[in-house]
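K.L.:
This is a predicted model, with the sequence first.
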Amino acid sequence: MAFTPIRELGETPLAKPGTSFARVTEVVSRVTENPAPRGWWILFSIAATFTGVLGLTLAYLIWMGIGTWGNNSPVAWAWDITNFVWWIGIGHAGTLISAVLYLFRQYWRTAINRFAEAMTIFAVICALMFPTIHTGRPWHIYYPLPIPNAMNLWPNFKSPLLWDVFAVSTYFTVSLLFWYVGLIPDLATLRDRTTKRLRALGVLSLEGGAPRGLLQLRAAIYGGLALGWRSSHRHWQHYERAYLILAAISTPLVLSVHSVVSFDFATSVEPGWHTTIFPPYFVAGAVFSGFAMVMTLLLIARAVFGLHELVTLRHLDLMNQIMLTTGSIVGYAYAMEFFIAWYSGNPYERYCFINRAFGDYWWAYWSMITCNVLIPQTFWSKSLRTNLTWMFIASILINIGMWFERFVIIVTTLHRDYMVSAWGYFHPSIVDVLTYLGSFGLFFTLFLLFIRWLPMIAVAEVKMVLPEADPHYGHDHDEHHEPAHAKAALAEEA
Amino acid sequence: MTKRLPVLGQASGAAAPKANTPRVWRSLEEQSDPKRYRELAKAGEGGVQVDVARDPSAGVTTPSDTLTVTRRSFLAVASAATTAVAASGCIRRPAEQILPYTRAPEYSLPGIALHFATVLAHNGDAVGVLVEQHEGRPTKIEGNPQHAASNPGRLGEWGGTDTPTQAAILDLYDQDRSGTIAHRVDGQRDEVSWADLDDALATHFASLEADGGASIHVLHEPITSPTLLRVKEAFSRRFPRASFHPWSAVNDANVLAGVALATGRRARPLVDYSAAEVILSLDSDFLSTEPGGVMNARLFAAGRRIESVRSSMNRLYVVESTLSLTGSNADHRLRLASRDVLAYARSLAHTLASKGASALGAIVEGPGDVEVPSVWLDKVADDLLAHRGRVAVVAGSRQPAAVHALVAAINAALGASSGLVRYAEPLDASDADPAASLRAVVEQADGSTIVVLGGNPVYDAPADVDVAGALGRAALSIHLGSHEDETSQHASWHIPMSHPLESWGDQQSLDGTIAIQQPLIAPLRGGRNAIEVLGQLAGEASWRGYFAVRQTLANLRGTALGFEDAWRDALFRGVVTYDRPRAPEPSVDAAGVRRALDDAPAVSHEGWEVVFAPDPKVFDGRLANNPWLQELPDPITKIVWDNAAMLSSASASELGVTTGKLLRITAGERAIEIPAVVVPGHADRSITLNLGWGRTHSGQFANGRGVNVSAIRTSGALGFAGGLEVSATGGSYDLVATQEHHSMDVDPTIPGVGRVDMPERPLAIVGTLAQYHEQPDFAQWREPTPNVGPLWTDVDYQSPQAPAQGGTSWSLVPHPRPPAENAPLRHAWGMAIDLTTCTGCNACIVACNAENNVATVGKEQVARGREMHWLRLDRYFVGDDTDDPAVAFQPVACQHCEEAPCENVCPVNATAHSPEGLNEMAYNRCIGTRYCANNCPYKVRRFNYLAYAGHPTELQRMQFNPNVSVRMRGVMEKCTYCVQRIQAVKIHARNEGRRPRDGEIVPACAQACPSQAITFGDLNDPESRVSLQVRNDRQYKLLAQVGTKPRTTYLARIRNLNPEMGSTTESA
């Protein structure tokens, strides 16, 4: 009988039974070795076009000034910071999946962690772009860095924006390292497969030529990136230790980054911003939107590259459960904001929230409520939680809703705060829209390059949850211990 | 002849450039921007050379001379070019020539501003000013404390000004001012030289001498210059039969005529508002658009200022159609169509007569035909009678003569004439009616000679008087004007008029004060003023402004003894000392008033009433090309860059329009289309139209802005007209206002939310005198300061100041150094703004623009909410009745918070606290995150979203205050409390070995304020005026509950309500 993959207690297997080591390696590696499918080229050219639009937009923006956006007085932040917070939020799922779930020994993460980590890196790149370009004089963007200088000027350590600089750059660095460390065994696999092909080529055709040169280059790059990985026991021991340490460093970052981002608002004096609920609420929202984005991308990649064996419905179900949980936390936070606004008796605060729901931006508020509170509640139903079409739609709606959440927080607060005489309204300009769309272009360009050239699923880690990784594999040991009814169930599934 | 290097540009020699010859240029500047270069050259700009090559006196340059390239010259040029390229590195810099002061003007120290006293005429009045000058460039205008129109009764240490006076400095540097003499023959425009002009005019006027100049018509603005009056007399001596016609679109002919009917003398009432306890204004905007606005505001504020509960305060009743600035300062205001004001005055006189003012009984027999609330007759009459001798009744100059006659009678009957209301005769005694004058010119235009001395009658004449046609029919017409405007288009000669800051003259103010107008700069674009032009036409070659004015002064004194001293004294102080003839006490002739009432022309009570009001910003259109004024929000509607038809909400719903919808207003066969704006407190079935908009030939900022309402103004009804038809066209127009129209109490824009209640938002705190007496510190209780400790250690502003940290420290921990033993005590700068005396006139905003190089951004950017004003005037409507609200004004600039929310959030420390408590901006450090603007609860920070300062032209740059950085795009800016003025005084005081005195440092806003509502000073000095104000029981801090601890203190606005008038307008 076939050996069963690793399972968590009382759960179904994490990889399709019968998936072998070789099969995993083959499924993942071939994507980087075969010529890109036509679909990839189409997607890539669209994404690259949008990246080009982003480049032109940024050039125009930096040449002309922030006035090309719709920002004004009193709404000095609008889409720029909305996009920043949104992208940062999306970047949260990666670290959560990689680090937190790793520490909690949630093995189901293995199928999606690489994917999610890459998404984190690219989302944080997009996120970092916005605070940079939203400044009036981006050529002075290094001013917030604590660089010793002759003017004896230091950045202002009281400013939450400076905390942002540290928090986000730390997060980016650690995420990148974590991602890279996780990639090393797989990069070595790719290197080895390339050298194997090179050797085969050497036997067949001695004259060399173009394919040979490309393969050599490929071997050199993967070889360099693999840092001499030989898969020795010592390597594995160090690797596991390093990975664990990085996971331990990353875990608090999941909580800290978005908490710090929320301080931008929470430490201000503006009604609607100045609330203590923001850090947990923002973190929950970030995980919420991050998972939604992973879901959107994963469903596409799973379909396009045929990863059904590795990314099973159970993975998706579990992710939907996380979205249900975090979505409910976010909904609770919305309700609590209103309660406190009423309970505090502060007329400015009270007005701010009534204005959010019923003022000029009511449409944004109710879009947010619909997408973020109502949609995830459908995941109480197991049939919807495992319905691919619905979860795809829901994941997109949640991302829209989370964008509106940031928009509502930023714009509705600013457009009507204390001084009635200074109230205003915000209209986005075409440059606002193009910058936002352009950031998608950048994100997807990077993502498509990643899919094309790097193993998008953590090969080594998936192997760990396969039956062959079981120390007793091949010894038929636990046949006696397996309860009869479980055996029957497994046989059925197989 | 010296041998020259061949220089580009001389190649053309004396020959005119042919079509295919290369472009000829004289410098890199000209090469890169020939248009601007020509402008500069024309303006006589230093550093711009005249064309030497074409100047015959500069030596003969033959083509062979310049075109031949010898080996030597080639090498010379080549080596020079190589050196230049090497020396300039990689950056190509345009060649700029500088002219050093080889012989510096006396008294002029680079970097130290000089102040000169002069005078600026406006609206039949003249305000004495001190003009700040930096290295020969006038940059800022301030009131002259010695001049009665600026500082009546020496009520302040510095003089006040109004918006036109503050904005006049920008007019000086107006790019669109004309600099050339235009001669138009049959629509063909030629530019001629001054010499040609002089010849042509001399010939023409000599030919007119034969018949005594019978065909000469001089159309002039009402004369306020004694010298111009003398010139007029000289002209009349040469041309005894020439006729003079005063015309101004805004004039006080009705006042003069009315007073003449009542007292037999053409005079204007001059009211000492500081002594009046009860003031009744009948359609008079005496605080703003009536002549003497600055003087009136200062006197009015003096009678209204409350130092403590023991202070008394005047009470202002206003009866008016449109919500004017004066009306918004009223304690009680009755909205009444302008056409009903006469009837109301009659009714009031009747009530007064029946209650004891028997003198009025002989004038009015019965009440007027108007329905007003009974309290507005009974209680107002009671109040006036109760304060007999200390009351003043004033009427607006748009009201007919009968109203002024009756008002004179009421004032006399109430005993106000004993010093409180004086009568001042105008300088020019001619009794011509402006509209009639204009009609006379038009009727006799055929073959005549028309001289238009200033003004712009083609634009602002009533629609039924065809001035353009008259100019066309004239044999010769001359227009003296600052711009080649609408009138110039029809005149055969246009003569550029010099700015008052460029030419000699003199001006007499309403109260008789005479001041010398001395130039601060040579005419930037050439030009002459009215004295010079008329003097020349009078045939007397000696009519140079300077000598003419000296002669006037000599005549005034009657003797030349000690003349030079008197001249210097007059220039130095800005006021001429002379023996003023004492005006006789007027006696009211009851029969005359009665006759006036009987003869009062009937105004149609059918249809709609239209009121023509001078615009509070651009006046009658003469100030229209001033971007500061264009971008200044209207005091009430807050609209910028446009005018609109103001009407009440009832009228709007009757017409089915809302703000921004187009109205069609028809008077006979004439009609205009103009956007509506709903103004709370406007009279029903009445529409107010502001003059001065819809210019076509003014300049880049004025042309095409707004609607010219003169198109439906007729000479019979300059003030207001009845019987018009008004309808909605269905179209709409984008009006841009800096505040939402119904801010505060009446906010219908939030569905399901309703109003934002004033009690919930104590921003501009308003209370009644009774409330104040009951609880003097009521304002502080409305807005208490939270009782929590600060997050950071409080700065001790009392202890001596630690020295600045010297050297370079790479440590994150600052090294505190002990203060030196002889370290000076610190200052703690603070400001107090008294909302009771603030009239909302906007002068502070323009003063701030001028002082701080604040950029204007244009209508489209204001529509996006990006105006750059460092100081804004918030206007709130207070009360439940949207038709009859009270108004509260609140100037809001940076509050310089002790616990400034903006400072904490700046990641780069670009905004930080000074040791003297100022919240400072370091523009160079700012990266433009805009976080500070978000976190400012007062929303006073302004961001340069685009390059608003842009690349100013040479002329515009001359206006800039050299002590204030011009901000680049991408940085934040805001009010600095005029830190440059603080520093200037500190340096000055330090040089004299003392501390700055109280009142020595005056920020631009406080300086300009005509009602002295703004006080600035050192809070560390317990005796300073600002400290006294801060300790005033009415004080409160704006949004104190946020815990920002602002350095700016507000003093609650107190309204002196008459308890018997009912409580409709009372508010919390």
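P.N.:
Structure received.

K.L.:
Give me the residue ranges of the stretch 301-450 of chain B where confidence is low.
P.N.:
Counting by pLDDT under 70, the stretch 301-450 of chain B contains low-confidence ranges at B:416-418.

K.L.:
Next, the contact list for the residue in it that chain A sits nearest to, please.
P.N.:
In the stretch 301-450 of chain B, no residue comes nearer to chain A than B:Ser328, which is 14.9 Å away by C-beta to the nearest C-beta. For every residue, glycine as well, the C-beta is placed using N, CA and C. Counting by C-beta atoms under 8 Å, 6 or more residues apart in numbering or on different chains, B:Ser328 touches B:635-636, B:681, B:840, B:875, B:887, B:889.

K.L.:
Repeat that for B:Gln166.
P.N.:
Contacts of B:Gln166 (C-beta under 8 Å, 6+ apart): B:141, B:628, B:843, B:846-847, B:849-850, B:1008.

K.L.:
Pull out the buried residues from the host helix or strand of it.
P.N.:
Element membership for B:Gln166 (DSSP states H and E) is helix B:163-172. For helix B:163-172, the neighbour count (16 or more other C-beta atoms under 10 Å in any protein chain shown) marks B:163-172 as buried.

K.L.:
Next, count neighbours for the closest residue to chain A within chain B.
P.N.:
Closest residue of chain B to chain A, C-beta to the nearest C-beta: B:Gly928 (2.1 Å). When neighbours are defined as other C-beta atoms under 10 Å in any protein chain shown, B:Gly928 has 26 of them.

K.L.:
my guess is it meets A:Ile66, correct?
P.N.:
Yes. Assessed by C-beta atoms under 8 Å, B:Gly928 is found in contact with A:Ile66 at 7.0 Å.

K.L.:
Model confidence for the closest residue to A:Pro279 other than its chain neighbours, exactly?
P.N.:
Closest residue in space to A:Pro279, ignoring its immediate chain neighbours: A:Ser259 at 3.8 Å, by C-beta to C-beta, 6 or more residues apart in numbering or on different chains. What the model reports as pLDDT for A:Ser259 is 91.

K.L.:
B:Ala330 touches B:Asn314, doesn't it?
P.N.:
No. Applying C-beta under 8 Å, one finds B:Ala330 not in contact with B:Asn314, separated by 11.1 Å.

K.L.:
ok, for B:Ala440, nearest residue in space, not its chain neighbours?
P.N.:
In space, and not counting its chain neighbours, B:Ala440 is closest to B:His245: 6.2 Å by C-beta to C-beta, 6+ apart.

K.L.:
Packing partners of the helix or strand A:Ala200 falls within?
P.N.:
Remark: A:Ala200 resides in helix A:160-204, with elements defined by DSSP H and E. If contacts are counted by 3 or more C-beta pairs under 8 Å, 6 or more residues apart in numbering or on different chains; DSSP states H and E, helix A:160-204 sits against helix A:21-33, helix A:92-95, helix A:113-133, helix A:210-225, helix A:233-266, helix A:459-464.

K.L.:
quick revisit: now do the contacts for the residue of chain B closest to chain A.
P.N.:
Counting by C-beta under 8 Å, 6+ apart, B:Gly928 touches A:66, A:135-137, B:943-944, B:970-972.

K.L.:
would it count as being in a helix?
P.N.:
No. Under DSSP: H, G, I helix; E, B strand; the rest coil, B:Gly928 falls outside any helix and is assigned coil.

K.L.:
who's the residue nearest to B:Ala440 bridged to?
P.N.:
B:Leu219 (DSSP bridges).

K.L.:
By mean pLDDT, point me to the weakest helix or strand of chain A.
P.N.:
The weakest-scoring helix or strand in chain A, judged by mean pLDDT, DSSP states H and E, is helix A:484-493 (a mean of 52).

K.L.:
where do the helices sit along the stretch 551-700 of chain B?
P.N.:
Along the stretch 551-700 of chain B, the stretches classed as helices by DSSP state H, counting those that start in this stretch are B:563-573, B:590-599, B:627-630, B:649-655.

K.L.:
any idea which of these is most buried?
P.N.:
Neighbour counts (mean count of other C-beta atoms under 10 Å in any protein chain shown) averaged over each of the helices of the stretch 551-700 of chain B peak at helix B:627-630, with a mean of 24.

K.L.:
Tell me which other helices or strands that helix touches.
P.N.:
If you count contacts as 3+ C-beta pairs under 8 Å, 6+ apart, helix B:627-630 packs onto helix B:163-172, helix B:843-852.

K.L.:
can you redo these as JSON lines with mean pLDDT and distance to B:Ser509?
P.N.:
Below are the helices and strands packed on helix B:627-630 laid out as JSON lines (pLDDT from 0 to 100; distance: least, C-beta to C-beta, whole Å):
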{"stretch": "helix B:163-172", "mean pLDDT": "93", "distance to B:Ser509": "12"}
{"stretch": "helix B:843-852", "mean pLDDT": "94", "distance to B:Ser509": "17"}
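
K.L.:
Would you agree B:Val394 falls within a strand?
P.N.:
Yes. Assigned with three-state DSSP, B:Val394 falls within a strand.

K.L.:
is it true that it touches B:Ile279?
P.N.:
Yes. Judged on C-beta under 8 Å, B:Val394 makes contact with B:Ile279 at a distance of 7.1 Å.
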